[in-house]
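Peer 1: Just the structure for this:
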Amino acid sequence: MHEMSIALAVIEQVAQAAERAGDVSAVRSVRLQVGELAGVVPEALAFSFELACAGTLLEGAELVTDAVPGRARCTPCDHEWAVGMPPRLGCPRCRGATTELLSGRELRIVGVRWEDGTTAAAAREPSEER
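Peer 2: This next block holds a predicted model:
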């Protein structure tokens, strides 16, 4: 289950961002963009995230995932389409096989909400994305 390694990497990055920010007492939520072609099962990631957060600054944090649909563009005819699952990578317009995947592989942290020592529920985002 690679979702556990993803959860651990997210926790590590958020904890490092909180340390750089200083005086963070708790992380309340983490928002991720997850592409439909990223090979991640959101339910398994949420389960792994909850387990991996135990005993850390992120314990009790909510994991919010935003699904990013897969989109492709045909190089010869410039047509764009939703690739779906299973992915349809051949152009539905000209049947061309030379395509560029535009989206759907994302796996990045896009927001973090935490509390610091002076302001409850201060909203901040880490400076680095995965």
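Peer 1: Secondary structure element for residue 6, which one?
Peer 2: Assigned by DSSP states H and E, residue 6 falls within helix 3-21.
Peer 1: Remind me what that helix packs against, helices and strands.
Peer 2: The helices and strands touching helix 3-21, judged by 3 or more C-beta pairs under 8 Å, 6 or more residues apart in numbering; DSSP states H and E, are strand 24-35, helix 42-53, strand 107-116. In this view, the C-beta of every residue, glycine as well, is placed from N, C-alpha and C.
Peer 1: Please give the centre-to-centre distance between it and its chain.
Peer 2: 12 Å (C-alpha atoms, centre = their mean, to the nearest Å).
Peer 1: between it and strand 24-35, how big is the angle?
Peer 2: Interaxial angle of helix 3-21 relative to strand 24-35 (axes from the mean of the first three to the mean of the last three C-alpha atoms, to 10 degrees): 130 degrees.
Peer 1: what's the average pLDDT for helix 3-21?
Peer 2: Taken as a whole, helix 3-21 carries a mean pLDDT of 96.
Peer 1: Could you check the angle it makes with strand 107-116?
Peer 2: Put simply, helix 3-21 runs at 50 degrees to strand 107-116, going by the same axes, to 10 degrees.
Peer 1: who touches helix 3-21?
Peer 2: Contacting residues not belonging to helix 3-21 are listed as 24, 27, 30, 32, 40-41, 44-45, 47-49, 51-53, 56-58, 107, 109, 112, 114, 116, 124, 126-128, 130 [C-beta atoms under 8 Å, 6 or more residues apart in numbering].
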